[in-house]
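> below is the sequence, then the predicted model.
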Amino acid sequence: MSDTFITVIAIFLAAILMFVFPLMAMSDQTDSVSQLAVETATKEFVDDIRSTGKITEDNYTKYVQTIGATGNTYNVDMEVKVLDENIGKKEAQVESKKIGENVYYSEYTSQIQDKLKNNGIYTLKEGDIVSVSVKNTNTTLSQQLKNFFYTVVGNDTYTVAAEAGGVVTATGSGLSNF
């Protein structure tokens, strides 16, 4: 009786070692590849915005498709800090390039998407600041396995995420945002 019990336990442990741990390693590797792909795509998307001074509907759609090709779903948050160069606010200091004289106001994802939908293009100017943040919204296989074995449960847990941002270096041409 005790030999049968030990045999059953040995088979169970062997199954875990042969199937579950390699599956966990493969799923972690898949998440790592997805992470790299999302980081690269996000950096390229932001660099394109910074160098051209515009966000086009085609570029945004291509970006979303690129990160979606990883097999995960994502929440993309964009923010553009628009440089408000109100030259007439102070008569004595009319040069807008002075540090401390510039004021920024922010436009967020929904506002940017509305303008992309209406105009097909969102133009920026030199000095604006753009940032993009991406997090996966689905639970990956790696997360499911870790939750099962380690009981790492939480609503804010995500595996694949990326952020990129920078100052726009060119004024975009196209339709105005206003």
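Cool, got the structure.
> which stretch of helix or strand covers Gly127?
Per DSSP states H and E: Gly127 is located in neither a helix nor a strand.
> torsion angles phi and psi at it?
Per-residue torsions, Gly127: phi 100, psi -20 (degrees, to the nearest 10).
> how about the contacts made by it?
83, 85, 102, 167-168 (CB atoms under 8 Å, 6 or more residues apart in numbering). In short, each C-beta sits where N, CA and C put it, glycine included.
> and the helices in this protein?
Taking DSSP state H as the criterion, the chain contains helices spanning 2-15, 21-52, 57-68, 109-119, 141-150.
> packing partners of the third one?
Spelled out, it's helix 57-68. Using 3 or more CB pairs under 8 Å, 6 or more residues apart in numbering; DSSP states H and E as the contact criterion, the elements in contact with helix 57-68 are helix 21-52, strand 74-84, helix 109-119.
> quick one: average confidence on it?
Taken as a whole, helix 57-68 has a mean pLDDT of 96.
> over to the fourth one?
Across helix 109-119, pLDDT averages out at 94.
> list the buried residues of the lowest-mean-pLDDT helix or strand in the chain.
When the helices and strands of the chain are scored by mean pLDDT, DSSP states H and E, helix 141-150 comes last with a mean of 78. Neighbour-count burial for helix 141-150 flags 141-143, 145-146 (criterion: 16 or more other CB atoms under 10 Å).
> which elements pack onto it?
In terms of contacts (3+ CB pairs under 8 Å, 6+ apart), helix 141-150 is packed against helix 21-52.
> circling back to that earlier point, Ser133 is nearest to which of the helices of the chain?
For Ser133, the closest of these is helix 21-52, at 8.3 Å, according to CB to CB.
> now do the closest one: which elements does it pack against?
Judged by 3+ CB pairs under 8 Å, 6+ apart, the packing partners of helix 21-52 are helix 57-68, strand 129-136, helix 141-150, strand 161-167.
> centre of the chain to it, how far?
9 Å (CA atoms, centre = their mean, to the nearest Å).
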